[in-house]
Structure formats: C-alpha cells, structure tokens
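A.B. asks: Need a 3D model of the sequence below.
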Amino acid sequence: MAKNDIARIRQVLYAILHFFVRLCFRVLFRMRIVGEEYIPRNEPVIIVANHTSNIDPVVMGVAAPQELNYMAKEELFRNTIFRWLIVAFRAFPVHRGTVDRKAISKALEILSRCQPLLFFPEGTRGDGKNIRDAKPGTGLIIYKARAKVVPALIKGAEKIMPRNAKFIRFHKLEVYFGKPLDLEKFYEMADCRGTYELIATEITRSLRKLNENKTC
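C.D. replies: All right, here's what the predicted structure looks like:
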C-alpha cells in the first residue's frame, strides 16, 4: 500500500475517532468549545494552552478541529496505558529542567511540515485559577518556527483528573481558543534568550487575558 494511501486511511480513522470521542466528552463532561474557528488550517500553527491536569493533552486533542502533535513531559510516558493513549494522539516527550534539543528539533520538524503543535508553556500543572509564567523555551520554538500562535484556555480539567487522583471524575469542561497573536515585532529582534523571554511574556499575557472572566 502506498504511503499516501496509508496517510489518507489514518485521516479517515482519526476523523471518525475524533467525532465519537468529542461526542463522549460532550455527554460525560458537558464539554463546551469556543473559538475553534481561530485555529488556522493548512499552515504552521502552535496552540499554547494552560496546564492543570494530566488529561489536558487528551482534552486539547478533542477540542481542536484538526489532529495535533503534542510536546508532553517525559514522565507521562512511563505509564504504559497512558503512553499508548497520548502517543496515539501524536505526543512526543520533552525532558523538563534542561534544554531538550531533541524535543525542540522534533517540534520544528513538525511545524516545517505545516502540522499543528500543542504546547503547554507553563511547563508544569497549575491550580486552575492562576496562569504561571511561560518558560523561555516556548519563545525559542516560536521564534525559530515563525508559526501562527493561538492561545487556548482549559477550564475544569483539574477537577476531572486532580493531581494524584486515581480515577476520573465527572465535571463540566470548557475550552476557549483566542485569536492568533501578532508576534511579528519579536521576529525582527536578535536571536537570543532575551527575545525568547519577551515572546514568553507575551504568551503569558495572552493566556491571562483569556482567563479573565472565564468560569466553569
């Protein structure tokens, strides 16, 4: 079977799976999705989302209209069942606390193929109320890729799968997508850590703005 045929079959199977999983989330968690029309199609795009629960990658995979690639912390790949689930949704590991050049190269390679990438810029789970500062590594990838960047806010995931929880709980779930950010002015700056930090600050600002007046 030709490679293109395999790719088309995968697309069809993913579309079917995505439809039924999204339907399940709407029934079980009363899932509400706002602003998915802001996500560009057929061009490089990075979705930057807040992070409150280990279920966040799955939530975003359900909420986004197209198949995403994920940069997820390496610890999530240690559980065999959960590893199978997130790898099926195109996750790849990143080692926190270091400059993971392999993960960065993987992210840039994905974006060069015009495939969307999901990124959790806080680097660790928050409390669901406050947005932590984005890590400079977020700015580095954005600067190198020159991709469109769409902020996203997840509300309620921390109650569905709280920290250290063994079972999923049923709670209302909401996902908000914002308009693509205007980052062109940063791309005219020097390729250095200072510029990456400025981009990360802009990402933090956009997520905090999206978080205003959003309740679940």
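A.B. asks: lowest-confidence helix or strand of this structure?
C.D. replies: Here the helix or strand of the chain ranked lowest by mean pLDDT, DSSP states H and E is helix 80-88, holding a mean of 76.
A.B. asks: Tell me the buried residues in that one?
C.D. replies: Neighbour-count burial for helix 80-88, counted by 16 or more other CB atoms under 10 Å, picks out 82, 85-86. Backbone N, C-alpha and C define where each C-beta goes, glycine included.
A.B. asks: Show me how far the lengthiest helix in the chain is from its chain's centre.
C.D. replies: The single longest helix within the chain, with elements called by DSSP state H, is helix 3-29. Relative to its parent chain, helix 3-29 has a centroid offset of 18 Å by CA atoms, centre = their mean, to the nearest Å.
A.B. asks: got the angle for it vs helix 80-88?
C.D. replies: Calculated by axes from the mean of the first three to the mean of the last three CA atoms, to 10 degrees, helix 3-29 forms an angle of 120 degrees with helix 80-88.
A.B. asks: partners of the following helix or strand past helix 3-29 in the sheet?
C.D. replies: Proceeding N to C from helix 3-29, the next assigned helix or strand is strand 32-34, under DSSP states H and E. Looking at strand 32-34 with DSSP bridges, its partner strands are strand 174-177 (parallel).
A.B. asks: Show me which residues of the strand it pairs with are buried.
C.D. replies: Under the neighbour-count criterion of 16+ other CB under 10 Å, strand 174-177 has 174-177 buried.
A.B. asks: What segments of this structure are strands?
C.D. replies: Assigned by DSSP state E, the strands in the chain fall at 32-34, 45-49, 69-73, 91-94, 117-119, 148-155, 174-177.
A.B. asks: on that earlier part again, now for the longest helix of the chain, which elements pack on it?
C.D. replies: helix 56-63 (3 or more CB pairs under 8 Å, 6 or more residues apart in numbering; DSSP states H and E).
A.B. asks: any idea how far the helix it packs on is from the chain center?
C.D. replies: 8 Å.
A.B. asks: Please save the CA atoms from stretch 12-31 in CSV.
C.D. replies: Provided in CSV are the C-alpha atoms of stretch 12-31 (Å, rounded to 0.1, in the frame of the first residue of the first chain):
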residue,chain,number,x,y,z
VAL,A,12,-10.3,9.0,7.9
LEU,A,13,-9.9,6.8,11.0
TYR,A,14,-8.8,9.8,13.1
ALA,A,15,-11.9,11.8,11.9
ILE,A,16,-14.2,9.0,13.0
LEU,A,17,-12.4,8.6,16.3
HIS,A,18,-12.4,12.3,16.9
PHE,A,19,-16.1,12.6,16.2
PHE,A,20,-17.1,9.9,18.7
VAL,A,21,-14.6,10.9,21.4
ARG,A,22,-15.8,14.5,21.2
LEU,A,23,-19.4,13.3,21.4
CYS,A,24,-18.5,11.3,24.6
PHE,A,25,-16.9,14.4,26.1
ARG,A,26,-19.9,16.5,25.4
VAL,A,27,-22.1,13.9,27.1
LEU,A,28,-19.9,13.0,30.1
PHE,A,29,-18.3,16.3,30.8
ARG,A,30,-20.8,18.7,29.1
MET,A,31,-17.8,19.9,27.1
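A.B. asks: pLDDT score for the most centrally placed residue in the chain?
C.D. replies: Centroid-nearest residue in the chain: L118, 2.9 Å away (criterion: CA atoms, centre = their mean). L118 is assigned a predicted lDDT (pLDDT) of 93.
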